[in-house]
Every structure is written in structure tokens, then in C-alpha cells.
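Q: Quick one, fold the following:
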Amino acid sequence: MYLSEAKKGETIKILSIPNEIIRAQAIRFGISEGSIVTCDSLIPSGPVILRKNKQEIAIGYGLAREIVVEGI
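A: Numbering: from 1, shown residues only. Model prediction:
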């Protein structure tokens, strides 16, 4: 499934960030392939708010549609 399909409160594992530019941006925020994050909120056709430790990160909907994740 894609990050844009995650549900609020769901804990997910990042499996693949296919675009190198997006991958580099995600790494700056501490997210990489294999990271475990929680979907804090999801705005329809808007950003996905992720929580990792005590940090919240907003991922735009377009980017979220490219990031492959799995629920854990």
C-alpha cells in the first residue's frame, strides 16, 4: 500500500521511497526505508502527518502517493 492510503493512528513501516530526490528529503527528516512511523492524521487529498518519536512530519499528498509502506 502507499502512504497516502494509511489510516489515522496506524503504525507503518516504510518499505520503499522510489524517487531519489524524495528519498534525500525524507532522510533529512529522519525517515528512510525501514523506518517505523505512526500516521498521526490524514487530510483527504492533503498532507499526511507522521509521528516518529516526538517529531511530527507533514508529507504532501503527491509524495505520499509514491512512498510504499506496510502496516505493522
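Q: So which residues of the chain form strands?
A: Counting by DSSP state E, the chain has strands at residues 11-16, 36-42, 48-52, 55-59, 68-71.
Q: now the first one and strand 36-42, what's the angle there?
A: If you take axes from the mean of the first three to the mean of the last three Cα atoms, to 10 degrees, strand 11-16 sits at 110 degrees to strand 36-42.
Q: For strand 11-16, buried residues please.
A: I12, I14 (16 or more other Cβ atoms under 10 Å). To be clear about C-beta, it is placed using only N, CA and C from the backbone, and glycine gets the same treatment.
Q: distance of the nearest residue to I14 once chain neighbours are set aside from A58?
A: Ranked by Cβ to Cβ, 6 or more residues apart in numbering and with sequence neighbours excluded, the top spatial neighbour of I14 is S35, at 4.7 Å. S35 sits 16 Å away from A58, going by Cβ to Cβ, to the nearest Å.
Q: burial count for the nearest residue to M1 once chain neighbours are set aside?
A: Counting by Cβ to Cβ, 6+ apart, M1 lies nearest to V69, which is 6.1 Å off, once chain neighbours are set aside. If you count neighbours by other Cβ atoms under 10 Å, V69 ends up with 23.
Q: R65 now?
A: 13.
Q: quick one: low-confidence ranges for the protein?
A: By pLDDT under 70, the chain contains no weakly predicted segment.
Q: Between S35 and A58, which is the more surrounded one?
A: Neighbour tally, S35 and A58, criterion other Cβ under 10 Å: the higher count belongs to S35, 18 against 15.
Q: and the most centrally placed residue in the chain, what is it in contact with?
A: Geometric centre of the chain, nearest residue: L3, 5.2 Å, by Cα atoms, centre = their mean. By Cβ atoms under 8 Å, 6 or more residues apart in numbering, the contact list for L3 reads I12, I14, V48, I59, L63, A64, R65, I67, V68, V69.
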